[in-house]
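Trainee: Just a sequence and a predicted model for now, questions to come.
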Amino acid sequence: MSSYLIDGYNLLHALGILGGKVGPRGLQRARNRLLNLLAEAFGAESDRVNVVFDAAGAPPKGVEGSTTHKGIRVEFAIREPTADDFIEGAIAAHKQPKELIVVSSDARLQGAARRRGAKPMACAEFLDHLDELRRPRQARPEQPERGEHRMSQRETERWLREFAGLEDEPELKEALKPFDFEVEKE
């Protein structure tokens, strides 16, 4: 079973929870929101998740560099210059790197994961994965055949709404002029 090593602040930025300057309380609230989201998504399997944050904005002195939050292991890179350094060390030390998913959009960490045989996962991809995990198990559609994707009626309707009227956009008409999409009638 896979375990997750998550670049905490990188994921917070991808979620849009952190934007601009925030004080220590703002960082703590943002971290708690992320950890609660992860705990909800992983449920009883939260112990498979390890989230790493930079030491800047860590809880007050006297608090250890690691703790747990609803089963999730939370690390603060207190003994490393950055969370990235801590994560690289954790990837290198992992006993079963093929079972490790490294969540970060940072190219350096993705490269470190690949070199060890771990799976890198960009934050946007992980957020899609979280959405899937958060769905009730019974509501999940059956898995399509390899190479095949079936959209639900709801997904189809959403995409039709998303692109409704696109064919009338002048820029698109101009861009598609060189192509002839007319179907010949027999």
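Mentor: Thanks, I have the structure now. Residues are numbered from 1 along each chain as shown.
Trainee: so who does Gly117 touch?
Mentor: Residues near Gly117 by Cβ atoms under 8 Å, 6 or more residues apart in numbering: 97-98. Where you see a C-beta, it was placed from the backbone N, CA and C, and this is true even at glycine.
Trainee: Show the model's pLDDT score for it.
Mentor: Reading off the confidence values, Gly117 has pLDDT 96.
Trainee: Against Arg25, how distant is it?
Mentor: 40 Å (Cβ to Cβ, to the nearest Å).
Trainee: Also Glu99?
Mentor: According to Cβ to Cβ, Glu99 stands 36 Å off from Arg25.
Trainee: Which one's more surrounded, the two?
Mentor: Glu99 (14 against 9; other Cβ atoms under 10 Å).
Trainee: shouldn't the more buried one be in contact with Ser2?
Mentor: Yes - with contact defined as Cβ atoms under 8 Å, Glu99 reaches Ser2; the gap is 5.3 Å.
Trainee: The protein: strands as residue ranges?
Mentor: Assigned by DSSP state E, the strands in the chain fall at 3-7, 49-54, 66-69, 72-77, 100-103, 119-121.
Trainee: Those strands: lowest mean pLDDT?
Mentor: Minimum mean pLDDT among those: strand 66-69, a mean of 90.
Trainee: Adjacent strands (with direction) for that one?
Mentor: strand 72-77 (antiparallel) (DSSP bridges).
Trainee: List the buried residues of the strand it pairs with.
Mentor: The neighbour-count check on strand 72-77 (16 or more other Cβ atoms under 10 Å) flags 72-77 as buried.
Trainee: distance of the most centrally placed residue in the chain from Ser104?
Mentor: Central residue of the chain (Cα atoms, centre = their mean): Phe126, 2.6 Å from the mean position. As for Phe126, its distance to Ser104 is 9 Å (criterion: Cβ to Cβ).
Trainee: shared neighbours of these two, which are they?
Mentor: Taking Cβ under 8 Å, 6+ apart as the criterion, Phe126 and Ser104 both touch 6, 11.
Trainee: could you list every residue that touches Asp54?
Mentor: 9, 76-77, 82-83 are the contacts of Asp54 under Cβ under 8 Å, 6+ apart.
Trainee: Against Leu12, how distant is it?
Mentor: 11 Å.
Trainee: Kindly report the same for Arg135.
Mentor: 22 Å.
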